[in-house]
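**Student:** Just a sequence and a predicted model for now, questions to come.
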Amino acid sequence: MNAGQEAEDVARATRALGAAGQSDLVWGHVSLRDPAGRGVWMKASGWGFEEVTPGRVLLVAPDSRILAGEGLPHLEAPIHTEIMAARPDVNAVVHTHGRAAVAFASLDVPLLPLSHDAVPFISPDVPRHPSGRLVSDSRQGTALARTLGDAAGCLMVGHGLVAVGADLASAVMHAVLLDRACDTQLRAQAAGPVQRWSDAAEVTQKQEETWSARQLATGYAYLCRSGSSSAGPG
């Protein structure tokens, strides 16, 4: 995969997040591990998800230096570099400010398997990072990676969410699923006491069948198609 392809892949993934409703003006980002070990590929600061093209993607070193591309890196690049340093199995990281995730993170209740969406995050409960500060240095990034552990996603209290995966498809889908799971539970709790959800056996079955790599890729392909015409030239 050449640098052009990496930039194209990150741009496509970023627009897919926009198509999924994960935009927050110009904030939030998705990254791809550089196969040569130089850092991560992620969008430049100042662009909304829907606006991102390959020309608006940077190669960012672990110390936040720009190694390729034009523009400024996001202040929270350490989210990506430190998680990837801690997780060799992770090749893509997503950070967004999903509204449902922010709201649910403030509640002292576990995430329940009310729908398929929650299944990747509840064995055990989804981690919650206690600090809502910007993750702008390696120390804070390391602390977030520690909270995430080996999970597929993490809620950031007062801030948003982080989701990871072996590839862009799984990381993007994990971000989308986590925010949707939070939204579903918020709606259920607002309607009254939650009475029913999948038991442990059904959760295990869903983990094996519902969110296989193939299923994640299929959902991601749809989001990529939905976001394919949103960006302008450049």
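**Tutor:** It's in.
**Student:** need the helix or strand of this structure with the lowest average pLDDT.
**Tutor:** One helix or strand of the chain scores below all others by mean pLDDT, DSSP states H and E: helix 200-209, with a mean of 89.
**Student:** following that helix, which helix or strand shows up next?
**Tutor:** Counting by DSSP states H and E, the element after helix 200-209 in chain order, helix or strand, is helix 213-226.
**Student:** Relative to the whole chain's centre, how far out is that following helix?
**Tutor:** Here helix 213-226 shows a centroid-to-chain-centroid distance of 15 Å under the convention C-alpha atoms, centre = their mean, to the nearest Å.
**Student:** Run the angle between the least confident helix or strand of the chain and helix 213-226 for me.
**Tutor:** Interaxial angle of helix 200-209 relative to helix 213-226 (axes from the mean of the first three to the mean of the last three C-alpha atoms, to 10 degrees): 60 degrees.
**Student:** For helix 200-209, which residues meet the burial criterion?
**Tutor:** Of all the residues in helix 200-209, those buried under the rule 16 or more other C-beta atoms under 10 Å are 203, 206. Just so you know, the C-beta spots here come from the backbone N, C-alpha and C atoms, and that holds for glycine as well.
**Student:** Could I have the CA atoms of the helix or strand encompassing residue 178 written out in PDB?
**Tutor:** Of the helices and strands defined by DSSP H and E, residue 178 is found in helix 168-191. Output in PDB follows, covering the C-alpha atoms of helix 168-191 (Å, rounded to 0.1, in the frame of the first residue of the first chain):
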ATOM      1  CA  LEU A 168     -10.400   0.900   9.500                       C
ATOM      2  CA  ALA A 169     -13.700  -1.000   8.900                       C
ATOM      3  CA  SER A 170     -13.800  -2.500  12.400                       C
ATOM      4  CA  ALA A 171     -12.600   0.700  14.100                       C
ATOM      5  CA  VAL A 172     -15.200   2.900  12.400                       C
ATOM      6  CA  MET A 173     -18.000   0.300  12.900                       C
ATOM      7  CA  HIS A 174     -17.100   0.000  16.600                       C
ATOM      8  CA  ALA A 175     -17.400   3.700  17.000                       C
ATOM      9  CA  VAL A 176     -20.800   3.700  15.300                       C
ATOM     10  CA  LEU A 177     -22.000   0.700  17.300                       C
ATOM     11  CA  LEU A 178     -20.900   2.100  20.700                       C
ATOM     12  CA  ASP A 179     -22.700   5.400  20.100                       C
ATOM     13  CA  ARG A 180     -25.800   3.600  18.900                       C
ATOM     14  CA  ALA A 181     -25.800   1.300  21.900                       C
ATOM     15  CA  CYS A 182     -25.600   4.300  24.300                       C
ATOM     16  CA  ASP A 183     -28.500   6.000  22.400                       C
ATOM     17  CA  THR A 184     -30.700   2.900  22.600                       C
ATOM     18  CA  GLN A 185     -30.100   2.600  26.400                       C
ATOM     19  CA  LEU A 186     -30.700   6.300  27.000                       C
ATOM     20  CA  ARG A 187     -34.100   6.000  25.100                       C
ATOM     21  CA  ALA A 188     -35.100   2.900  27.000                       C
ATOM     22  CA  GLN A 189     -34.200   4.400  30.400                       C
ATOM     23  CA  ALA A 190     -36.100   7.500  29.600                       C
ATOM     24  CA  ALA A 191     -39.200   5.400  28.800                       C
END
